[in-house]
Structure formats: C-alpha cells, structure tokens
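Chemist: give me coordinates for this.
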Amino acid sequence: MKSTSGKEFARVLEKNGWNLIRIHGSHVYGKPGVPHRNSVPVHGNQSLKVGLLRYFLKAAGLSSADL
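Modeler: Coordinates of the predicted model:
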C-alpha cells in the first residue's frame, strides 16, 4: 500500500464527495447520505499508519486504487 499523509488523504476524500465539516484537532469529513464521519489526523506531511489508512479507506467506501 502506498504511503499517504493525512493531507493527501484529505484531498482524496474531497475528490470523492466528502465535505470538510470542521477542524478541531483532526479534520472531520462527512458525506451526505453516509451516517458516519471520518476524522483524519493531519500532522504536516507525516504518513498515516497502514492500519489506520485501511480503516479510513473502508469507512469511506474507497479502495487503495483510489489513492
């Protein structure tokens, strides 16, 4: 799986219809019609851990090919 930072993953979410709801510690994204939110930690260009990235992809309904 490709190494991805929180900033890069936030851009991927936005390209796939997710909207930034608020920034309070983490960047919180929501999507109309989806009952949950994704809270993406953005710490500069630090990469997300593989397990966390897989969780975010699954929660957002995306695959590793979307990165």
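Chemist: the nearest residue to Gly17 once chain neighbours are set aside and Gly44: what is the separation?
Modeler: The spatial neighbour of Gly17 that comes closest, neighbours along the chain excluded (C-beta to C-beta, 6 or more residues apart in numbering), is Lys31 at 5.6 Å. Bear in mind the C-beta positions are built from the backbone N, C-alpha and C, glycine included. In this view, Lys31 and Gly44 are 26 Å apart by C-beta to C-beta, to the nearest Å.
Chemist: of those two, which one has the most company?
Modeler: More neighbours sit around Lys31 than around the other of Lys31 and Gly44, counting by other C-beta atoms under 10 Å; the figures are 17 against 7.
Chemist: could you pull out the strands in the protein for me?
Modeler: Taking DSSP state E as the criterion, the chain carries its strands at 19-24, 26-30, 38-40.
Chemist: what helices and strands are in contact with the shortest one?
Modeler: Spelled out, it's strand 38-40. Contacting strand 38-40 under the criterion 3 or more C-beta pairs under 8 Å, 6 or more residues apart in numbering; DSSP states H and E are the following elements: helix 6-15, strand 26-30, helix 50-60.
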